[in-house]
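1. build me a model:
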Amino acid sequence: MELLEYQAKTLFREVGIPVPLSQQIEQPRELKQLQIPYPVVLKSQVRAEGRSQAGGVQFVENTIDAIAAAQTLLSLPIGGECPELLLAEARYQAEQELYLAVVLDYHHQLPLLLGSTHGAINLEHPAAHIQTVPVDGDFSPFYARRLAIHMGLRGDRIAIISRIVEKMYHLFARKDLDMVAINPLGLKANGQVMALDGKITLSAAAIARHPELKLILDIAPPPRRVSSSYRPIGQQRQGKTGILCTDVGLGMMVWDTLAAARCPVGSCVSLTAEDNLSTALNRTLEQWQANGQYHKVIMALPREEVMDITIEAILAAIPATLQLTLYSPGLSLTEQSAALSCATSLAEVVGLVKSG
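-> Below is the predicted model:
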């Protein structure tokens, strides 16, 4: 489950991560009582990737322009979602924008710190830009400093960014989250930082252990679904292998592993549960087959989601021209077929992609 941006920033505030002044807008007329000085940025509250490229972020200088922009944004579908509300934020002029994240490595069952100086962009070559630091054992500020240094930061910026990473990790650990990401983290010349966008994913188990998370989820209804079954995370021109996932962190982990093994990936797509997982899978594979894009597909799913569908349902969705590998770390999978292979480790995934 993925939080909306304003919900993620509520949790950021709890651990002292700076976020811009903001106000939630459900109706355009509410902008007449906006408490934030102009210029402001209006941001569509949807979970889909590529929001900025799709026109879901608008900068405005006055109330008249803000109302007009809000009317457009509230009716603009992005990645199959129409927002129920907008986030109005004070505009922040950053000198540099960074990417930071803490994700769960499903295979090794330990947290990973991720960082890049290429923030606020659609990374076309994730493995080339994103630095990773595994947290093996108890967390120490040493891990955060190591990430900052690997990112190429120098001087006082190492300490500044390390402190943000530490706060992100503590939020990740205290709430049993699957991923905490800031993209971008705005950085000014004077060392001031601001989380300009944020993403948090969590499981039903985390909500059960932390009832306060349900209060955040209940703040607003989810975005309205329209006819779209997937959202692209990233793509490259070369590569005949596609990745399907429901968890962005897991999908990016598979991409990075394949890239390191010199197995070019064409694209990584995050499925949405528009109808159900099997339906979304079927539609995406049919589209890929029709376009002749890939002949090998990696389907990366957390264990609990594989338990909700059957191998027969997956097999029924596979076009004849595709080879599908189901990767689910920690799950014992024994069923194999000519069209479907199963892997429980990233090493197995690499081997299956390289074979044939």
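2. can we go C-alpha only for contacts and neighbour counts from here?
-> Fine.
3. so who does residue 89 touch?
-> 20, 21, 22, 23, 36, 40, 41, 42 (C-alpha atoms under 8 Å, 6 or more residues apart in numbering).
4. if we go to 10 Å?
-> 19-24, 36-43, 59, 196 (C-alpha atoms under 10 Å, 6 or more residues apart in numbering).
5. and those residues, which of them are in strands?
-> Mapping the contacts of residue 89 onto strands (DSSP state E) picks out 22, 23, 24, 40, 41, 42, 43, 59.
6. burial count for the second one?
-> The number of residues packed around residue 23, counting by other C-alpha atoms under 10 Å, is 18.
7. and the pLDDT at residue 121?
-> Here the pLDDT value assigned to residue 121 is 55.
8. and the ones in strands among the contacts of residue 89, which two are furthest apart?
-> Taking C-alpha to C-alpha as the measure, those reach their widest spread between 24 and 59, a distance of 15.5 Å.
9. could you give me the average pLDDT of the helix ranked longest in the chain?
-> In the chain, assigned by DSSP state H, the helix with the most residues is helix 156-174. The predicted model gives helix 156-174 an average pLDDT of 97.
10. so what's the gap between it and the chain middle?
-> How far helix 156-174 lies from its chain's middle: 19 Å, per C-alpha atoms, centre = their mean, to the nearest Å.
11. now the helix or strand hosting residue 298: average pLDDT?
-> Here residue 298, judged by DSSP states H and E, is contained in strand 296-300. This predicted structure assigns strand 296-300 an average pLDDT of 80.
12. can you give me the buried ones in that strand?
-> 296, 297, 298, 299, 300 (16 or more other C-alpha atoms under 10 Å).
13. just stretch 189-202 next, same as before
-> Residues of stretch 189-202 classed as buried by neighbour count (16+ other C-alpha under 10 Å): 193, 194, 195, 196, 197, 198, 199, 200, 201, 202.
14. tell me the mean pLDDT for stretch 181-200?
-> 95.
15. how far does it stretch from start to finish?
-> End-to-end distance of stretch 181-200 (C-alpha to C-alpha, to the nearest Å): 6 Å.
16. stretch 141-161 too?
-> 11 Å.
17. just how off-centre is it within its chain?
-> 23 Å.
18. of the ones in strands among the contacts of residue 89, closest to residue 132?
-> Nearest to residue 132 among the ones in strands among the contacts of residue 89, counting by C-alpha to C-alpha, is residue 43 at 29.3 Å.
19. count of neighbours near the closest one?
-> 28.
20. I'd say it and residue 90 touch.
-> No. Here residue 43 does not reach residue 90: they are 11.1 Å apart, not a contact under C-alpha atoms under 10 Å.
21. now for these two: what residues contact both?
-> The contact sets of residue 43 and residue 90 overlap at residue 59 (C-alpha under 10 Å, 6+ apart).
22. re earlier: walk me through which strands the strand holding residue 298 pairs with, and which way each runs.
-> strand 241-245 (parallel), strand 323-327 (parallel) (DSSP bridges).
23. nearest to residue 105, out of those strands?
-> strand 323-327 (13.4 Å).
24. wait, what's in contact with the closest residue to residue 69 other than its chain neighbours?
-> Leaving aside its chain neighbours, residue 69 sits nearest to residue 58 (6.8 Å; criterion: C-alpha to C-alpha, 6 or more residues apart in numbering). Contact partners of residue 58, counting by C-alpha under 10 Å, 6+ apart, are 40-44, 52, 65-66, 69-70, 72-73, 88.
25. perfect, that will be all.
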